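> From the sequence below, what's the structure:
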Amino acid sequence: MPVRPDAPSPRVWERFVALGDSFTEGLADPDPTTEDTYVGWADRVAAALAARNGELGAPFGYANLAIRGRLIDAVISEQLPAALALRPDLVSLSAGGNDVLRPRVSLPAVMDRLEGAVTQIRDTGADVLLVTAPDVSWAPLVNRVHPRMVEYTANLWAVGQRTGAFVVDIYTLRSLHDARMWGADRIHFSSEGHTRIAAQALWTLGLEQDEGWSTPLEPAPPLGRLETLQADREWVATHLRPWIRRRIRRESSGDGRVPKRPVLGPLEPPTAP
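Modelled structure (predicted):
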């Protein structure tokens, strides 16, 4: 079980802003009420915080500025100033994952940029919520990026320690070692995966969670060899090749997109899963 900061009681946050890329936008966790809109772990955390504040009679506002495909420089240059202008007291910052997947990247430079952003937020008095990379060592084909995920996670813990940020440990969240926790693209999390991550984040913030969020699902029947090969071929054709094509063309899935919740405001409970 990961370690969370030792505090007598969790702080009551009233202004939560989420920054980042597709992970925080919520991809592969669709909102059934709106086309091409997603829920995601951050929205789920916000909903739980809003419910708690409602019980306490405290106000709560939430903004989500994350946009899919964003590299860390874009997150910091585009999203961070807008976030600080909203005067948050809690900021989630998950960035650098897209950079780490690039064939040529300086991880120390990425982590320096991330730590500088965390320090800037912490200097305002706001708390910061960071999220480790997941453990993908068990996942076929995707496991090739596992060493980079390990290095990113180790450095992220150091950033959290130096800055006093909360660190959500999904690397050791073994319930994520299940294909059902992931979307069809094998990169983003399913609704169930986002739900588990939100529970881990809330636990990290000091809010007790019902037992079971970290417990793996009952094992699914294994696929046969031919079924596995067919699934891998479909994944390559449907997801991997388009991703490579965008990299070659220097395109991003987030080109032309805007944040889904650019203004701090009240939050309705998520409708998925």
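> got a list of what the closest residue to Arg11 other than its chain neighbours touches?
In space, and not counting its chain neighbours, Arg11 is closest to Asp127: 6.8 Å by C-beta to C-beta, 6 or more residues apart in numbering. All C-beta atoms are positioned from the backbone trio N, CA, C, and that covers glycine. If you count contacts by C-beta atoms under 8 Å, 6 or more residues apart in numbering, Asp127 has them with Arg11, Trp13, Asp89, Leu90, Val91, Ala165, Phe166.
> Buried ones among those?
Buried subset of the contacts of Asp127 (neighbour count, 16 or more other C-beta atoms under 10 Å): Trp13, Leu90, Val91, Ala165, Phe166.
> Output the contacts of Asp127 as CSV; include the columns secondary structure.
Shown next, in CSV, are the contacts of Asp127 (DSSP: H, G, I helix; E, B strand; the rest coil):
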residue, secondary structure
Arg11, coil
Trp13, coil
Asp89, coil
Leu90, strand
Val91, strand
Ala165, coil
Phe166, strand
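> Could I get these in a markdown table, plus columns for distance to Leu156 and pLDDT?
Below are the contacts of Asp127 laid out as a markdown table (distance: C-beta to C-beta, whole Å; pLDDT from 0 to 100):
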| residue | distance to Leu156 | pLDDT |
| --- | --- | --- |
| Arg11 | 22 | 91 |
| Trp13 | 21 | 97 |
| Asp89 | 22 | 98 |
| Leu90 | 18 | 98 |
| Val91 | 15 | 98 |
| Ala165 | 9 | 97 |
| Phe166 | 11 | 97 |
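> Distance to His194 for those residues - can I get that in JSON lines?
Below are the contacts of Asp127 laid out as JSON lines (distance: C-beta to C-beta, whole Å):
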{"residue": "Arg11", "distance to His194": "24"}
{"residue": "Trp13", "distance to His194": "20"}
{"residue": "Asp89", "distance to His194": "23"}
{"residue": "Leu90", "distance to His194": "18"}
{"residue": "Val91", "distance to His194": "19"}
{"residue": "Ala165", "distance to His194": "21"}
{"residue": "Phe166", "distance to His194": "18"}
